[in-house]
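S.K.: When you get a sec, could you give me coordinates for this:
(chains A and B)
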2 protein chains.
Amino acid sequence: MRIAELSRQSGVPVPTIKYYLRENLLPPGELSSPNQARYGEHHLRRLRLIRALVDLAQIPIAQVKEIVAGLDSPTLPLHDQIGRAHRAITPTRNLTTTPEAHTAASRQVDDLIRSRGWTIEPDAPALTTLVDTIAAMHTLDHDYLTTFLDTYADAVEKFTTLEITAVTSRQTPDQIAESVVIGTILGETLISSLRLLAQESISAHLWTGHPAGPAGD
Amino acid sequence: MRIAELSRQSGVPVPTIKYYLRENLLPPGELSSPNQARYGEHHLRRLRLIRALVDLAQIPIAQVKEIVAGLDSPTLPLHDQIGRAHRAITPTRNLTTTPEAHTAASRQVDDLIRSRGWTIEPDAPALTTLVDTIAAMHTLDHDYLTTFLDTYADAVEKFTTLEITAVTSRQTPDQIAESVVIGTILGETLISSLRLLAQESISAHLWTGHPAGPAGD
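M.R.: Okay, the predicted model is just below:
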């Protein structure tokens, strides 16, 4: 198809498609004449993926570019594809907590990882975020939240295993790599919105019409 | 304590504290002379909460202001406090999916909510995000991810119930309101980083040293 048709089918304006082509987010089309290129299903898929990463997961375009470059390197191991997707959804954070809270949090995270037998690189960005989050809970006198760490980890392990099994059942390495990115990033949005809905529902049952306190029905 | 001491203990610079005072994110101190105010533990707690929301949860200051205003309105029902925290962590999204994908996604979400007996306001922002995410999965040919909806919902319901029970066991309405905000927002960061770590670990076991394919040990 021509670029106008690609734009119509994807909903992405022609100037944006041209920008993605210049930036190598989208591979070039096949030249049918010196001034005209043709695009295929692969381009349509890629455009939809880029828009999902930008619009839904709100990942900055520079990082989308890095993720997409990974998809176009068929030799990049899947484990590294996951690493790229992870860095894209773990923004750098910068939090002031007390040194005591930070030490306590590091110890809790080390214990958790050891007791679950997880294999984690020491420079995994999610590790920093987890320690910072727990340190913030301590600093804010919300230590009780950290007593649920094992329950959270149980739940998370359950659906992560399911996700990874589903991804590996995909057929080609190309599809697997794309699935890793989509599953990691859209899965995050899915879980987050489900949690908010579950909270809203439980909260509505407990507190709607009971503004005086948390007593249930 | 004086403002300099508040700054030292919280790690927040004096000009930033003054900005928060002007913007009513922080209640005024008690005047000890016409030019001097004294601050207490409450101010320190509030400053730490604001920094956690801004630095760790990366919530824009305008929304932090709205959340904090809720905490300062003791008559605002807890259900509405949760609503404010939810709006703060559910950014507005704008995604192009096909109308068919959107219709299918809406139906799946309706079925899920009905089968779980959840009470959800039709204008809950997380509802839009959930429908958009599932529609994106359909558009990107990743429908298989949506077959796990019930597993995700099971896991999420389990830890949400735990969170809400813990929050309601706090003593004063003031503490409960603060806990709702901290639990909702920092809990989100906690779950997200745990999921990334679980993924990394499973991926390391499956794929490290096995760049040729997804075969496990």
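S.K.: Report all helices and strands that the lowest-mean-pLDDT helix or strand in chain A contacts.
M.R.: Least confident helix or strand of chain A, by mean pLDDT, DSSP states H and E, is helix A:78-89 with a mean of 76. Packing contacts for helix A:78-89, counted by 3 or more C-beta pairs under 8 Å, 6 or more residues apart in numbering or on different chains; DSSP states H and E, involve helix A:61-71, helix A:125-139, helix A:173-207, helix B:173-207. Every C-beta, even on glycine, is put in place using the N, C-alpha and C of the backbone.
S.K.: how does chain A divide into domains?
M.R.: Per automatic domain parsing, the structural domains of chain A span A:3-56, A:88-207.
S.K.: per-stretch mean pLDDT over those domains, give me the minimum one.
M.R.: Sorting the domains of chain A by mean pLDDT places domain A:88-207 lowest, at a mean of 84.
S.K.: Between the two ends of it, what distance do you get?
M.R.: Taking C-alpha to C-alpha, to the nearest Å, domain A:88-207 runs 37 Å from one end to the other.
S.K.: I'd like to check which residues are in contact with the most centrally placed residue in chain A.
M.R.: Nearest to the mean C-alpha position of chain A, counting by C-alpha atoms, centre = their mean, stands A:I185 at 2.7 Å. When contacts are counted by C-beta atoms under 8 Å, 6 or more residues apart in numbering or on different chains, A:I185 touches A:A52, A:L53, A:A57, A:I59, A:A85, A:A88, A:I89.
S.K.: can you rerun that using 6 Å?
M.R.: Counting by C-beta atoms under 6 Å, 6 or more residues apart in numbering or on different chains, A:I185 touches A:A57, A:A85, A:I89.
S.K.: can you tell me which of those residues lies nearest to chain B?
M.R.: Using C-beta to the nearest C-beta, A:I89 comes nearest to chain B of the contacts of A:I185, at 7.6 Å.
S.K.: just to revisit the earlier point, name the next helix or strand downstream of the least confident helix or strand of chain A, please.
M.R.: helix A:99-116 (DSSP states H and E).
S.K.: So which bits of that following helix are buried?
M.R.: By 16 or more other C-beta atoms under 10 Å in any protein chain shown, the buried positions in helix A:99-116 come out as A:A101, A:H102, A:A104, A:A105, A:Q108, A:V109, A:L112, A:I113, A:R116.
S.K.: That one vs chain B: in contact?
M.R.: No - taking C-beta under 6 Å from any C-beta of the partner chain as the criterion, helix A:99-116 and chain B are apart, separated by no less than 7.4 Å.
S.K.: and the angle from that helix to helix B:173-207?
M.R.: Helix A:99-116 and helix B:173-207 meet at an angle of 40 degrees, taking axes from the mean of the first three to the mean of the last three C-alpha atoms, to 10 degrees as the criterion.
S.K.: okay, the angle between helix A:99-116 and helix A:125-139?
M.R.: For helix A:99-116 against helix A:125-139, the angle by the same axes, to 10 degrees is 130 degrees.
S.K.: Which strands or helices does helix A:99-116 pack on?
M.R.: helix A:125-139 (3 or more C-beta pairs under 6 Å, 6 or more residues apart in numbering or on different chains; DSSP states H and E).
S.K.: In terms of secondary structure, what does the helix it packs on contact?
M.R.: So helix A:125-139, by 3+ C-beta pairs under 6 Å, 6+ apart, packs with helix A:99-116, helix B:173-207.
S.K.: Would you mark the buried spots in the last one?
M.R.: Counting neighbours by 16+ other C-beta under 10 Å, one finds that the buried residues in helix B:173-207 are B:173, B:176-207.
S.K.: And A:R2, how far from A:R22?
M.R.: 18 Å (C-beta to C-beta, to the nearest Å).
S.K.: Among the two, which residue is more densely surrounded?
M.R.: Between A:R2 and A:R22, counted using other C-beta atoms under 10 Å in any protein chain shown, the more crowded position is A:R2 (14 against 9).
S.K.: Need phi/psi at the more buried one.
M.R.: The phi/psi pair for A:R2 (degrees, to the nearest 10) reads phi -80, psi 170.
S.K.: From A:P15, how far out is it?
M.R.: Distance from A:R2 to A:P15, by C-beta to C-beta: 15 Å.
S.K.: Then A:S192?
M.R.: In this structure, A:S192 and A:P15 are 32 Å apart, going by C-beta to C-beta.
S.K.: Over to A:T172?
M.R.: According to C-beta to C-beta, A:T172 stands 32 Å off from A:P15.
S.K.: on that earlier part again, for the buried residues of helix A:99-116, which one is nearest A:P27?
M.R.: A:I113 (39.3 Å; C-beta to C-beta).
S.K.: Give the closest residue to that closest one in space, chain neighbours not counted.
M.R.: With C-beta to C-beta, 6 or more residues apart in numbering or on different chains as the criterion, A:I113 has its nearest non-adjacent residue at 5.7 Å, and that residue is A:I120.
S.K.: quick revisit: if you skip the residues just before and after it, what's nearest to the residue nearest to the centre of chain A?
M.R.: Nearest residue to A:I185 in three dimensions, chain neighbours excluded: A:A57, at 4.6 Å (C-beta to C-beta, 6+ apart).
S.K.: cool, A:V131 as well?
M.R.: The shortest distance from A:V131 to any non-neighbouring residue, by C-beta to C-beta, 6+ apart, is to A:A105 (4.8 Å).
S.K.: residues in contact with that neighbour?
M.R.: By C-beta under 6 Å, 6+ apart, the contact set of A:A105 is A:V131, A:I134, A:A135.
S.K.: Ranking by neighbours, what's the top pick from those?
M.R.: A:I134 (29 neighbours).
S.K.: Give me the distance between the nearest residue to A:M1 once chain neighbours are set aside and chain B.
M.R.: Spatial nearest neighbour of A:M1, chain neighbours left out: A:Y39 (5.5 Å); criterion: C-beta to C-beta, 6+ apart. Relative to chain B, A:Y39 is positioned 17 Å away (C-beta to the nearest C-beta, to the nearest Å).
S.K.: give me phi/psi at A:Y39?
M.R.: For A:Y39, the backbone dihedrals (degrees, to the nearest 10) come out as phi -120, psi 150.
S.K.: From the structure, what's the count of residues near it?
M.R.: By other C-beta under 10 Å, 24 other residues sit near A:Y39.
S.K.: Hmm, A:G29 and it touching each other?
M.R.: Yes - between A:Y39 and A:G29 a contact is recorded at 4.5 Å, counting by C-beta atoms under 6 Å.
S.K.: I'd guess A:S32 is in a strand, am I close?
M.R.: Yes - when classified by DSSP: H, G, I helix; E, B strand; the rest coil, A:S32 is found to be part of a strand.
S.K.: What is the three-state secondary structure of A:A37?
M.R.: A:A37 - assigned by three-state DSSP - is strand.
S.K.: one step back: B:Q63: which of the helices and strands packed on helix A:125-139 is closest?
M.R.: Closest among the helices and strands packed on helix A:125-139, using C-beta to C-beta: helix B:173-207, at 10.5 Å.
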